[in-house]
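**Student:** everything below, folded, please.
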Amino acid sequence: MLATLGDADHGDAISIATGWIVPAGVLFVPIIDWALASGGYGFSAYSVVGIGIAYGALSCVHQLQLQSATAVLFTLYRAFLFSVVAAFNADVFGPMTVGRISGILYTTTAAFIGLQPLLTRVAQGPLDGDYMPVNAGLTVLAACLLPIVWWISSVSPTIMTRKTGEPQDGDEDEDDEADEDKDRGEHPYDLERGTGTLISTTHGSGRADGVQIQAGHGNGKTMGAHAHAKRLFDSPERKA
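**Tutor:** Reported below is the predicted structural model:
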(Lines give C-alpha, C1' and ligand atoms only; values in the text may rest on other atoms or scores of the structure.)
Protein backbone atom coordinates (compact mmCIF):
# COMPACT_ATOMS: atom_id res chain seq x y z
CA MET A 1 0.00 0.00 0.00
CA LEU A 2 2.78 2.45 0.91
CA ALA A 3 4.55 1.64 -2.35
CA THR A 4 1.37 2.48 -4.24
CA LEU A 5 1.24 5.85 -2.50
CA GLY A 6 4.77 6.65 -3.64
CA ASP A 7 6.74 5.97 -0.48
CA ALA A 8 9.74 4.88 -2.57
CA ASP A 9 10.02 8.41 -3.95
CA HIS A 10 10.56 9.65 -0.39
CA GLY A 11 13.25 7.14 0.53
CA ASP A 12 10.71 4.71 2.06
CA ALA A 13 10.51 7.07 5.03
CA ILE A 14 7.01 6.00 6.07
CA SER A 15 7.87 2.31 5.75
CA ILE A 16 10.92 2.78 7.96
CA ALA A 17 8.88 4.78 10.50
CA THR A 18 6.21 2.10 10.54
CA GLY A 19 8.86 -0.53 11.26
CA TRP A 20 9.82 1.41 14.38
CA ILE A 21 6.29 2.29 15.47
CA VAL A 22 4.61 -1.14 15.38
CA PRO A 23 6.92 -2.84 17.96
CA ALA A 24 6.38 0.08 20.38
CA GLY A 25 3.03 -1.22 21.61
CA VAL A 26 4.45 -1.52 25.12
CA LEU A 27 4.22 2.28 25.38
CA PHE A 28 0.43 1.99 25.43
CA VAL A 29 0.35 -0.33 28.48
CA PRO A 30 -0.61 2.50 30.92
CA ILE A 31 -3.57 3.47 28.71
CA ILE A 32 -4.74 -0.13 28.40
CA ASP A 33 -4.33 -0.73 32.12
CA TRP A 34 -6.36 2.40 32.90
CA ALA A 35 -9.15 1.35 30.54
CA LEU A 36 -9.44 -2.13 32.06
CA ALA A 37 -9.20 -0.94 35.66
CA SER A 38 -11.46 2.10 35.34
CA GLY A 39 -13.85 1.38 32.49
CA GLY A 40 -14.23 -2.38 32.69
CA TYR A 41 -14.48 -4.95 29.93
CA GLY A 42 -17.43 -3.33 28.17
CA PHE A 43 -15.70 0.05 27.86
CA SER A 44 -12.48 -1.65 26.78
CA ALA A 45 -14.29 -3.71 24.13
CA TYR A 46 -15.93 -0.60 22.68
CA SER A 47 -12.53 1.11 22.71
CA VAL A 48 -10.92 -1.75 20.79
CA VAL A 49 -13.62 -1.71 18.13
CA GLY A 50 -13.53 2.11 17.91
CA ILE A 51 -9.76 2.17 17.47
CA GLY A 52 -10.03 -0.56 14.84
CA ILE A 53 -12.60 1.47 12.90
CA ALA A 54 -10.42 4.59 13.10
CA TYR A 55 -7.39 2.62 11.93
CA GLY A 56 -9.34 1.18 9.00
CA ALA A 57 -10.73 4.57 8.03
CA LEU A 58 -7.27 6.16 7.93
CA SER A 59 -5.94 3.28 5.84
CA CYS A 60 -8.55 4.15 3.21
CA VAL A 61 -7.18 7.67 2.74
CA HIS A 62 -4.80 8.07 -0.20
CA GLN A 63 -2.38 10.35 1.61
CA LEU A 64 1.14 9.09 2.28
CA GLN A 65 2.07 11.23 5.29
CA LEU A 66 -1.17 10.32 7.05
CA GLN A 67 -0.14 6.67 7.10
CA SER A 68 2.23 7.36 10.01
CA ALA A 69 -0.86 8.04 12.12
CA THR A 70 -2.37 4.84 10.70
CA ALA A 71 0.66 2.90 11.97
CA VAL A 72 0.26 4.44 15.45
CA LEU A 73 -3.43 3.50 15.59
CA PHE A 74 -2.68 -0.02 14.37
CA THR A 75 -0.07 -0.43 17.11
CA LEU A 76 -2.52 0.76 19.77
CA TYR A 77 -5.29 -1.42 18.34
CA ARG A 78 -3.11 -4.54 18.29
CA ALA A 79 -1.84 -4.09 21.85
CA PHE A 80 -5.32 -3.20 23.15
CA LEU A 81 -6.98 -6.16 21.43
CA PHE A 82 -4.66 -8.86 22.74
CA SER A 83 -4.54 -7.35 26.24
CA VAL A 84 -8.31 -7.15 26.61
CA VAL A 85 -8.85 -10.66 25.24
CA ALA A 86 -6.21 -12.16 27.55
CA ALA A 87 -7.51 -10.31 30.64
CA PHE A 88 -11.14 -11.20 29.88
CA ASN A 89 -10.41 -14.90 29.33
CA ALA A 90 -8.31 -15.20 32.49
CA ASP A 91 -10.80 -13.31 34.66
CA VAL A 92 -14.07 -14.78 33.38
CA PHE A 93 -13.08 -18.39 32.62
CA GLY A 94 -10.42 -18.82 35.32
CA PRO A 95 -6.94 -20.33 35.24
CA MET A 96 -8.20 -23.90 34.85
CA THR A 97 -9.83 -23.29 31.45
CA VAL A 98 -8.20 -20.13 30.10
CA GLY A 99 -5.72 -22.17 28.05
CA ARG A 100 -8.48 -24.13 26.32
CA ILE A 101 -10.57 -21.03 25.68
CA SER A 102 -7.60 -19.12 24.25
CA GLY A 103 -6.63 -22.09 22.09
CA ILE A 104 -10.13 -22.38 20.63
CA LEU A 105 -10.26 -18.62 20.04
CA TYR A 106 -6.92 -18.31 18.27
CA THR A 107 -7.40 -21.52 16.28
CA THR A 108 -10.78 -20.30 15.06
CA THR A 109 -9.48 -16.89 14.01
CA ALA A 110 -6.44 -18.47 12.35
CA ALA A 111 -8.79 -19.98 9.78
CA PHE A 112 -9.36 -16.48 8.39
CA ILE A 113 -5.63 -15.75 8.01
CA GLY A 114 -5.73 -17.77 4.80
CA LEU A 115 -7.82 -14.97 3.26
CA GLN A 116 -4.95 -12.50 3.54
CA PRO A 117 -2.94 -13.74 0.52
CA LEU A 118 -6.15 -13.88 -1.53
CA LEU A 119 -7.07 -10.28 -0.67
CA THR A 120 -3.52 -9.17 -1.45
CA ARG A 121 -3.72 -10.75 -4.90
CA VAL A 122 -7.05 -9.04 -5.53
CA ALA A 123 -5.62 -5.66 -4.52
CA GLN A 124 -2.47 -6.06 -6.61
CA GLY A 125 -4.27 -7.61 -9.59
CA PRO A 126 -7.80 -6.53 -10.48
CA LEU A 127 -7.61 -3.42 -8.27
CA ASP A 128 -4.26 -2.35 -9.78
CA GLY A 129 -2.54 -1.92 -6.40
CA ASP A 130 -5.41 -0.03 -4.78
CA TYR A 131 -5.96 -1.42 -1.28
CA MET A 132 -8.72 1.06 -0.44
CA PRO A 133 -11.66 -1.26 -1.30
CA VAL A 134 -10.11 -4.08 0.75
CA ASN A 135 -9.45 -1.79 3.71
CA ALA A 136 -12.94 -0.34 3.46
CA GLY A 137 -14.47 -3.81 3.56
CA LEU A 138 -12.45 -4.76 6.64
CA THR A 139 -13.46 -1.49 8.30
CA VAL A 140 -17.13 -2.27 7.70
CA LEU A 141 -16.62 -5.71 9.26
CA ALA A 142 -15.03 -4.03 12.30
CA ALA A 143 -18.02 -1.72 12.60
CA CYS A 144 -20.30 -4.78 12.64
CA LEU A 145 -18.73 -5.73 15.97
CA LEU A 146 -20.35 -2.75 17.71
CA PRO A 147 -23.84 -4.30 17.94
CA ILE A 148 -22.26 -7.59 19.03
CA VAL A 149 -20.48 -5.85 21.92
CA TRP A 150 -23.73 -4.06 22.78
CA TRP A 151 -25.64 -7.38 22.78
CA ILE A 152 -23.07 -9.08 25.02
CA SER A 153 -23.18 -6.09 27.39
CA SER A 154 -26.99 -6.37 27.53
CA VAL A 155 -26.99 -10.11 28.15
CA SER A 156 -24.11 -10.14 30.67
CA PRO A 157 -23.96 -6.66 32.22
CA THR A 158 -22.25 -7.95 35.37
CA ILE A 159 -19.32 -9.35 33.43
CA MET A 160 -18.97 -6.46 30.97
CA THR A 161 -19.01 -3.82 33.70
CA ARG A 162 -16.47 -5.71 35.81
CA LYS A 163 -13.10 -4.04 36.16
CA THR A 164 -9.78 -5.81 36.47
CA GLY A 165 -8.83 -6.29 40.10
CA GLU A 166 -12.45 -6.33 41.30
CA PRO A 167 -13.51 -9.38 43.35
CA GLN A 168 -15.86 -11.74 41.57
CA ASP A 169 -19.21 -12.80 42.96
CA GLY A 170 -18.61 -14.93 46.02
CA ASP A 171 -15.11 -13.65 46.76
CA GLU A 172 -16.38 -11.11 49.29
CA ASP A 173 -18.59 -13.75 50.92
CA GLU A 174 -15.57 -16.03 51.32
CA ASP A 175 -13.61 -13.19 52.93
CA ASP A 176 -16.50 -12.51 55.32
CA GLU A 177 -16.67 -16.20 56.26
CA ALA A 178 -12.95 -16.23 56.93
CA ASP A 179 -13.29 -13.21 59.23
CA GLU A 180 -16.17 -14.88 61.07
CA ASP A 181 -14.12 -18.05 61.54
CA LYS A 182 -11.32 -15.97 62.95
CA ASP A 183 -13.68 -14.26 65.40
CA ARG A 184 -14.95 -17.65 66.59
CA GLY A 185 -11.43 -18.86 67.24
CA GLU A 186 -11.33 -21.07 64.15
CA HIS A 187 -7.89 -20.93 62.60
CA PRO A 188 -6.54 -22.34 59.38
CA TYR A 189 -4.19 -25.17 60.14
CA ASP A 190 -1.78 -26.87 57.83
CA LEU A 191 0.52 -29.67 58.89
CA GLU A 192 4.09 -29.60 57.70
CA ARG A 193 3.06 -31.78 54.78
CA GLY A 194 -0.43 -30.35 54.37
CA THR A 195 -2.37 -33.28 55.79
CA GLY A 196 -4.97 -31.71 58.05
CA THR A 197 -6.91 -28.62 59.07
CA LEU A 198 -7.41 -27.32 62.59
CA ILE A 199 -11.09 -26.49 62.77
CA SER A 200 -11.40 -24.91 66.19
CA THR A 201 -9.98 -24.56 69.66
CA THR A 202 -12.18 -24.03 72.69
CA HIS A 203 -10.85 -22.08 75.63
CA GLY A 204 -12.11 -22.15 79.19
CA SER A 205 -10.50 -20.70 82.33
CA GLY A 206 -7.25 -20.21 80.46
CA ARG A 207 -7.05 -23.91 79.51
CA ALA A 208 -7.39 -25.57 76.15
CA ASP A 209 -10.49 -27.72 76.72
CA GLY A 210 -10.87 -29.18 73.25
CA VAL A 211 -9.31 -29.46 69.85
CA GLN A 212 -11.18 -30.64 66.81
CA ILE A 213 -9.16 -31.91 63.87
CA GLN A 214 -10.33 -32.42 60.32
CA ALA A 215 -7.82 -34.83 58.85
CA GLY A 216 -6.85 -34.36 55.22
CA HIS A 217 -6.67 -37.20 52.77
CA GLY A 218 -3.86 -35.84 50.60
CA ASN A 219 -0.79 -38.02 50.15
CA GLY A 220 -2.20 -40.69 52.51
CA LYS A 221 -0.90 -38.87 55.59
CA THR A 222 -4.07 -38.64 57.62
CA MET A 223 -2.30 -40.00 60.71
CA GLY A 224 -0.23 -36.81 60.88
CA ALA A 225 -3.29 -34.86 61.97
CA HIS A 226 -4.07 -37.31 64.78
CA ALA A 227 -0.48 -37.25 65.96
CA HIS A 228 -0.57 -33.49 66.09
CA ALA A 229 -3.86 -33.55 67.99
CA LYS A 230 -2.32 -35.91 70.53
CA ARG A 231 0.60 -33.53 71.02
CA LEU A 232 -1.86 -30.71 71.64
CA PHE A 233 -3.77 -32.71 74.27
CA ASP A 234 -0.55 -33.84 75.94
CA SER A 235 1.01 -30.37 75.96
CA PRO A 236 1.97 -28.77 79.32
CA GLU A 237 -0.60 -26.03 78.75
CA ARG A 238 -3.32 -28.68 78.53
CA LYS A 239 -2.24 -30.44 81.73
CA ALA A 240 -1.70 -27.25 83.72
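**Student:** make sure Ile113 is indeed in a strand.
**Tutor:** No. Ile113: not assigned to a strand; according to DSSP: H, G, I helix; E, B strand; the rest coil it is coil.
**Student:** how much space separates it from Ser153?
**Tutor:** Look at Ile113 and Ser153: by Cβ to Cβ, to the nearest Å, they are 28 Å apart. The C-beta positions use only the backbone N, C-alpha and C, and glycine is treated the same way.
**Student:** and for Leu141?
**Tutor:** 20 Å.
**Student:** who has more neighbours out of those two?
**Tutor:** Using other Cβ atoms under 10 Å as the criterion, Leu141 and Ser153 rank with Ser153 on top: 18 against 12.
**Student:** pLDDT at the more buried one, what is it?
**Tutor:** Ser153 carries a pLDDT value of 90.
**Student:** tell me the contacts of it?
**Tutor:** Ser153 makes contact with Gly42, Ala45, Met160, Thr161, according to Cβ atoms under 8 Å, 6 or more residues apart in numbering.
**Student:** where does the protein dip in pLDDT?
**Tutor:** For the chain, the stretches with pLDDT under 70 are 1, 3-7, 9-11, 165-240.
**Student:** show me where it has helices.
**Tutor:** Along the chain, counting by DSSP state H, helices occupy 13-21, 29-34, 40-59, 67-93, 98-110, 115-124, 132-143, 145-155, 157-160, 171-183, 223-233, 236-239.
**Student:** deepest of the ones you listed, which one?
**Tutor:** Mean neighbour count, computed with mean count of other Cβ atoms under 10 Å, is highest for helix 40-59 among the helices of the chain, reaching a mean of 20.
**Student:** so what does it touch, helix or strand wise?
**Tutor:** Contacting helix 40-59 under the criterion 3 or more Cβ pairs under 8 Å, 6 or more residues apart in numbering; DSSP states H and E are the following elements: helix 67-93, helix 132-143, helix 145-155, helix 157-160.
**Student:** which stretch among the ones you listed comes nearest Gly52?
**Tutor:** Taking Cβ to Cβ, helix 132-143 is the member of these nearest to Gly52, at 4.3 Å.
**Student:** surely Tyr77 meets Gly50?
**Tutor:** No. Checked against Cβ atoms under 8 Å, the pair Tyr77 and Gly50 is beyond contact range at 9.3 Å.
**Student:** which one of the contacts of Ser153 is nearest Leu2?
**Tutor:** Of all the contacts of Ser153, Ala45 has the smallest distance to Leu2: 30.3 Å, by Cβ to Cβ.
**Student:** for the closest residue to that closest one other than its chain neighbours, which residues are in contact?
**Tutor:** Here the nearest residue to Ala45 in space, its sequence neighbours aside, is Val149; by Cβ to Cβ, 6 or more residues apart in numbering that works out to 4.7 Å. For Val149, the contacting residues are Gly42, Ala45, Tyr46, Val49, by Cβ under 8 Å, 6+ apart.
**Student:** let's see 10 Å
**Tutor:** Taking Cβ atoms under 10 Å, 6 or more residues apart in numbering as the criterion, Val149 is in contact with Tyr41, Gly42, Ser44, Ala45, Tyr46, Val48, Val49, Met160.
**Student:** can you tell me how far it sits from Leu81?
**Tutor:** Counting by Cβ to Cβ - Val149 and Leu81 are separated by 13 Å.
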